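Student: Quick one: sequence and predicted model below, then my questions.
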Amino acid sequence: MTTSLMAMAGYIGWVLLLYFVVIAYRGFMVMSAQRKADAWTRGRELQDSQSVKRIGDALSNSLETVPLFIGVILLAHVSDQSAITDGLAPIYVGARVVQSVSHIISIHHLMIFLVRFPAFLVQVGLLAWWSLALTGLI
């Protein structure tokens with residue numbers, strides 16, 4: 001398995017971890033009769049704590065870019081160009097984890113400006129770089 005495919009598996013693992021945290025929390029709230037099972041229906045005002053909301057937001061953020069990351073990694077793999085993504089794929093996943101963790105622990109503007117946004121830029125930059133490299137444009 002290439003480094004890129006391992007990184008893809010790591011990204012999927014990270015998203016699953018965030019899912020499990022949300023599922024465990026919601027399951028606990030329903031099983032302990034603190035919430036009804038439909039309490040998280042879209043359009044309803046959530047009554048969760050800010051930290052729980054931030055975990056859900058971190059999950060949503062992770063899901064927004066997962067198709068792009070997986071698409072680029074699979075494109076590299078099927079076109080036999082994994083060497084283009086192998087070196088930086090773990091950095092991409094690390095930036096995703098840093099962005100998620102910083103999202104969960106703080107909404108302070110300095111955290112957003114100095115940690116979350118740069119981590120996001122690393123991801124977008126790598127996706128753009130890889131896309132151009134895989135198509136032979138650079």
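Tutor: All right, it came through fine.

Student: give me phi/psi at the residue most central in space within the chain?
Tutor: Centroid-nearest residue in the chain: Ser62, 2.3 Å away (criterion: Cα atoms, centre = their mean). When read as degrees, to the nearest 10, the backbone of Ser62 gives phi -60, psi -40.

Student: check which helix or strand covers the nearest residue to it once chain neighbours are set aside.
Tutor: Counting by Cβ to Cβ, 6 or more residues apart in numbering, Ser62 lies nearest to Val15, which is 5.0 Å off, once chain neighbours are set aside. C-beta here means a position set from N, CA and C on the backbone, and glycine is covered the same way. Val15 is part of helix 3-31, with elements assigned from DSSP states H and E.

Student: how distant is stretch 28-47 from the center of its chain?
Tutor: 24 Å (Cα atoms, centre = their mean, to the nearest Å).

Student: So what touches that stretch?
Tutor: For stretch 28-47, the external contacting residues (Cβ atoms under 8 Å, 6 or more residues apart in numbering) are 26, 53.

Student: can you tell me the distance between the two ends of that stretch?
Tutor: 15 Å (Cα to Cα, to the nearest Å).
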